[in-house]
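J.: Just to be clear, the model below is a prediction. Sequence and coordinates:
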Amino acid sequence: MTSRLIGAFIRAVLVVMLIITPSLMLPGIHQETAQIVALAAIFAFALTIFEYASTYPGLVEFREAPPFNRIRFFSLMVTVFILSSVMRGDTDPTTFTAFLTAVGTLIGNALDFPYSPVRLITLMLPENATVHDILMLRTQAGIAYLISIISLAVFLIVLRVTGWPKRTGSFNVWVNLPMFDPTAGGDVVERLERDARFNVALGFILPFLTPAAVKAASGLFGSLSITNDQTMIWTLAAWAFLPASLFMRGIAMQRVASLITAQRTRNAIRSGAAGLQPA
């Protein structure tokens, strides 16, 4: 119990560090923004403590099947930190921020082709956006998208090398998939495979769908103030992280479905062998 509480506390502190990183790195943060960030950090701290300190599952999936959540968290943390560094370099340039900006510019230019996610993300800017805003958005979008692709590749490599999730011991579907009800009806494997395909498909179209949805919503509710530093960071981080996270979730659920199918096959073979034994 003590080790579980310590682990939950460390995870909660890391989540708080993730949330407050842009506010700590960017200059000129308004008092209202700082209060909102503090409130979000307190809520996230309490939620993380509750989720990981409790014995029974709540909302966090694959809680007992590392490193699924660790890869996702590290990917988001790196994305937010690098985007914050690039944004800070716009006002307080250093060698490190200049290097990140140069790399991001190259990536953004390489990924900025017709109908690409990076090209479409620039549509979220209002019509009066400056050239500097467009270049900054393209640079940060390229960085965020590349990090998401790298994180997905790392997850696939870890899955292949370690045989995830078998290396974690017995896989408890109820603990690791608390929002998935195995008794809801229908075959569990078919439902897992269907959910896996849906997550992969949604992860593929989300980078293209999000800019169009935001642009359509801006016509009803006004233009999104993405030129605000923190708004740009969190918008781009979510835009790149969510599709990669959905890809990982789909792949993980397909992996779980394959393990259940393999276990059923082994059980059927053992039952058949037992039935053929002489009396």
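T.: Cool, the structure landed.

J.: longest helix anywhere in the chain?
T.: helix 229-275 (DSSP state H).

J.: give the contact list for residue 74.
T.: For residue 74, the contact set (C-beta atoms under 8 Å, 6 or more residues apart in numbering) comprises residue 151. Yep, even glycine has a C-beta here, placed from its N, CA and C like the rest.

J.: tell me which element it falls in.
T.: helix 68-89 (DSSP states H and E).

J.: Provide the contact partners of the next helix-or-strand element following that helix at residue level.
T.: Going down the chain from helix 68-89, the next helix or strand is helix 95-111, by DSSP H and E. Contact partners of helix 95-111, identified using C-beta under 8 Å, 6+ apart, comprise 82, 85-86, 88-89, 117-118, 135, 138-143, 145-146.

J.: In this structure residue 9 contacts residue 49, no?
T.: Yes. Counting by C-beta atoms under 8 Å, residue 9 touches residue 49, with 6.7 Å between them.

J.: and the angle from the helix holding residue 74 to helix 229-275?
T.: In terms of direction (axes from the mean of the first three to the mean of the last three C-alpha atoms, to 10 degrees), helix 68-89 departs from helix 229-275 by 170 degrees.

J.: For helix 68-89, buried residues please.
T.: Under the neighbour-count criterion of 16 or more other C-beta atoms under 10 Å, helix 68-89 has 68-69, 71-73, 75-89 buried.

J.: Kindly report the same for stretch 174-185.
T.: Those would be 175-178, 180, for stretch 174-185 by 16+ other C-beta under 10 Å.

J.: Where in this structure is the helix or strand with the lowest mean pLDDT?
T.: The helix or strand of the chain with the poorest confidence is helix 173-176; it has a mean of 81 (mean pLDDT, DSSP states H and E).
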